[in-house]
Structure formats: structure tokens, C-alpha cells
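[1] 3D model of this:
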Amino acid sequence: MPGQRFIVHVDMDAFFAAVEQRDNPSLRGRPVVIGADPKGGHGRGVVAACSYEARPFGLHSAMPISQAYQKCPQAVFLRGEHTKYGRESEKIFVILERFTPDLEPVSIDEAFLDITASYHLFGTPEETCRKIKAAIKAETGLTASVGLAPNKMTAKIASDIGKPDGLVVVTAEGLLAFLHPLPVGRLWGVGEKTRQSFERLGIKTIGDLARRDRAALLRDFGQAGDHVWRLANGLDPRDVAPVDEVKSVGNEHTFEADIDDRGLMLDILMALSEHVSLRMRRAGLQGRTVTLKIRLAPFSTYTRASTLPAATNFAEDIFRSASEKLKAFPPKKKVRLLGVSVSNLNRPADEPRLFPGPFPHSEKKEKLHQALDKIKEKFGEEAIRRRKTGED
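    Alright, predicted model coming up:
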């Protein structure tokens, strides 16, 4: 059909754990957890990834490592080798680039592809997806789940539903028939608290949400309500953005229960800032605008941004800006989600400096961060953690 898009979401299955199981046959069939040292249930940090064998015990990524140990002490806990995962990721993206130049990396093991203009080189859109999966398996020994749909959100949902090692195809004609029976929590932007709020209104499926009055959702939930209504009706016009067009780099953390512990919030902000910093540095990016995202109970979501005097990718600069924005919120307000992102991006080589930048000792800081990057690449992101000081 003229104007029809074919969007693919490729998501590697339990990527870090799968690499370890591939390389060490004794780990196959066992629950494997990649992350911080659990220290017998008293460790700090979170689960970076876990194998499918660990999931029946309730383990999942971003779970506190101490909780993961308590739920499944018999699991194999590994710090992980991020340099090795990076090499595997590079192989996978080289494979994906054979199928289309319209490729948007989402993370080290996940990407969107727009194959609208290239699928005819490989057969039908579905045949193209099968060839992508086969190439990844043949060249890396790893499996990927793939979703094919007319838009990004639906392609993402389709790949999730097909896990592990699946391929789910959603046509333009079958888009709403696919979406509407699904639980409303499948939609981007609908977390556990939002799902509960919807269910109190009798909204249990995506179809229930799609049939609701749009104006009422806007009144009750603000722009977020209007956004999810559009998604529920299959309206997601976002394009696949190649890496050079990426507008921001960010990470979020959703708490399992609403919290008002400001110290814990700052710990999470520091971890998010470090993760964003590392991703930016690996991509050769700097940015000037730091945005804090905060979701208060039960649903209200706010963003607060500040523009720095010069571009940076240093974790402490990102954290300082985000934590200043956190101060603006009442200290006893309960928080469901925190997120940090950096936008207004550039590559340092694009803007050579004739004079020293406004951040003092930037050259020394750069050397320090390069050293920290090397340690993290060798021993994992949890190998070094900065300490927050007060509210700064």
C-alpha cells in the first residue's frame, strides 16, 4: 500500500546472560544473573540482566541485587564483561546495517529498523525479518526476538510478545485487532500505578482505553492521557531516527513501590547519571541540556530541564544539574519514577575550543573519566560508583 511503513524492532534475548551461557556451557539451563555482587543478600546495585531460567523466580532487570539474591540464592551471579558484550553488540549492528541504513539503536542489544525502502532486496517484509534473525543466529550463536509492524510502538510490543526467539508480524489491516485485546499496561507510558488508575475506571485493555472519551482522558490525566489514547488507537507517527539524528540520551528507573527517601532518590539519580554519561562517551557525544523526569504518586509526571554553560558528558555535571531540579519538589512527596536525559547534543570534534571552557580543570576531568571508562569496560559498570555528597 502507498505510504505504508514497515518498522522492525529487534531485541536480543537476555543478551548479557545469553552471551555468558553461550561461552560457558555449564551455565546453560541455569538461572544466571549479571550485575553487582549480591554479598549474600546485602549487596548494593541492581540486576543488569538475567537469563530466562531466572525469571520464574521473579527476577528481572533493574531489580535490587539484594532482592534478587533473596528470591533466588541458587542463581549464578556474575559481574559481567562489558567489553565482551560491546564486541557482540558491534557484530549485531553490523548485521542489521546490511538490511537498511535506517537504523536506530535503542540500547546495546536493541534497535528499530525501517525496512520500507529496502525489504524488496530480501523478499517480503516478513522474509526480511526471518533473514535478520537467521543471520544473527548464524554469526553470533545468539537469538533475537523480532516484531514487524506499521509503527514503532507496535513493533516493540510485538517483539516482547514473541520472546524468546520469536517473530510476530502485525499488518496495517490487523493493527487494532492486534492491539485492542492486550492489557493496557503494554502501552508505552503506562506503568503499574497508571494501570491501576485505569483499572479503577474500568479500563483493562488497550481497546477499553481506545474507546474512552479523549477529552475526558486529557482532563483527568493531562497530556499523558492524550498521548496514551493516541497510542491505543494505533497512532504513532514517530520515525526511526538513525544514530546521527538521536536527539537525547537518557535512562529511567521505576521503583517497585512509591518512595519518599530522598537519599535513595539521590543514589538512583547518581546511578542514572553515570549510565547516561557512559553511553554518551561511548557514542562520542556531549550535551548541554539536562532534564530530570519525575513521576509522583499516583500519576503526575513532570520534567524539569536546565541548560549548562557548555556541553558535557561528565556524570558529576549531569548529576549536579538533575539533583538541583529534584530540590524543587516537596521532600515528603512520594515518587514512582526518576529519569535523567541529556539533549542539545554535539560531538566534541565538531566544536573545537579556542579558549578554555567554563568547567574548571576539564582536561584533568577528561583524563580521569577516560581512566574510569577503561575500568568499567573491563570490570563492568558496577566496578566503580561515585558517592553523592549531601544534595549536590
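
[2] which outside residues touch the strand or helix carrying residue 220?
    Element membership for residue 220 (DSSP states H and E) is helix 214-221. Identification of contacts with helix 214-221 by CB atoms under 8 Å, 6 or more residues apart in numbering yields 197, 209, 225, 226, 228, 229, 299. Placement of C-beta: from N, CA and C, glycine included.

[3] Show the contacting residues for the fifth one.
    Looking back up the chat, that one is residue 228. For residue 228, the contact set (CB under 8 Å, 6+ apart) comprises 187, 188, 189, 190, 194, 209, 217, 221.

[4] quick check, residue 304 in a strand?
    Yes: per DSSP: H, G, I helix; E, B strand; the rest coil, residue 304 lies within a strand segment.

[5] Heading C-terminal from the helix holding residue 220, find the next helix or strand.
    helix 223-232.

[6] Strand partners (parallel or antiparallel) of the helix or strand just after that following helix?
    Per DSSP H and E, the first helix or strand lying C-terminal to helix 223-232 is strand 248-259. Here strand 248-259 has these sheet partners by DSSP bridges: strand 335-346 (antiparallel).

[7] And the strand it pairs with, what's buried?
    335, 336, 337, 338, 339, 340, 341, 342, 343, 344, 345 (16 or more other CB atoms under 10 Å).

[8] Nearest to residue 160 among these?
    Using CB to CB, residue 337 comes nearest to residue 160 of the buried residues of strand 335-346, at 19.4 Å.

[9] returning to what we had before: hmm, which of the contacts of helix 214-221 are the buried ones?
    197, 209, 225, 228, 229, 299.

[10] Could you tell me how many residues sit around residue 247?
    Neighbour count for residue 247, taken as other CB atoms under 10 Å: 10.

[11] That one: what's it in contact with?
    241, 343, 345.

[12] who touches the first one in this structure?
    Looking back up the chat, that one is residue 241. 104, 247.

[13] Show me the shaky parts of the stretch 1-150 of the chain.
    For the stretch 1-150 of the chain, applying pLDDT under 70 flags the ranges 1-2.

[14] how about the strands in it?
    Along the stretch 1-150 of the chain, the stretches classed as strands by DSSP state E, counting those that start in this stretch are 7-12, 32-35, 47-50, 76-78, 103-107, 110-114, 144-149.

[15] quick one, helices of the protein?
    Taking DSSP state H as the criterion, the chain carries its helices at 15-23, 65-71, 82-97, 125-140, 152-161, 175-179, 192-200, 206-210, 214-221, 223-232, 262-283, 315-326, 362-379.

[16] ok and the first one relative to strand 7-12, angle-wise?
    Helix 15-23 runs at 50 degrees relative to strand 7-12, counting by axes from the mean of the first three to the mean of the last three CA atoms, to 10 degrees.

[17] what's the answer for the fifth one, then?
    With the same axes, to 10 degrees as the criterion, the two stretches helix 152-161 and strand 7-12 enclose an angle of 40 degrees.

[18] hmm, back to that, arrange the contacts of helix 214-221 in TSV, one row each, with pLDDT and distance to residue 133 as further columns.
    Below are the contacts of helix 214-221 laid out as TSV (pLDDT from 0 to 100; distance: CB to CB, whole Å):
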residue	pLDDT	distance to residue 133
197	89	38
209	96	32
225	90	37
226	91	36
228	92	30
229	95	33
299	65	38
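
[19] Give me the buried entries from the contacts of residue 228.
    In terms of neighbour count (16+ other CB under 10 Å), the buried residues within the contacts of residue 228 are 187, 190, 194, 209, 217, 221.

[20] What about the nearest residue in space to residue 28 that is not next to it in sequence, how many residues nearby?
    Distances taken as CB to CB, 6 or more residues apart in numbering place residue 21 nearest to residue 28, at 4.9 Å, with adjacent residues excluded. Neighbour count of residue 21, defined by other CB under 10 Å: 22.

[21] So residue 21 is in contact with residue 51, correct?
    Yes: here residue 21 reaches residue 51: they are 6.4 Å apart, a contact under CB atoms under 8 Å.

[22] Could you name every residue contacting both of those two?
    By CB under 8 Å, 6+ apart, the residues touching both residue 21 and residue 51 are 27, 32.

[23] From residue 78, how far off is the closest residue to residue 306 other than its chain neighbours?
    Distances taken as CB to CB, 6+ apart place residue 321 nearest to residue 306, at 5.2 Å, with adjacent residues excluded. In this view, residue 321 and residue 78 are 34 Å apart by CB to CB, to the nearest Å.
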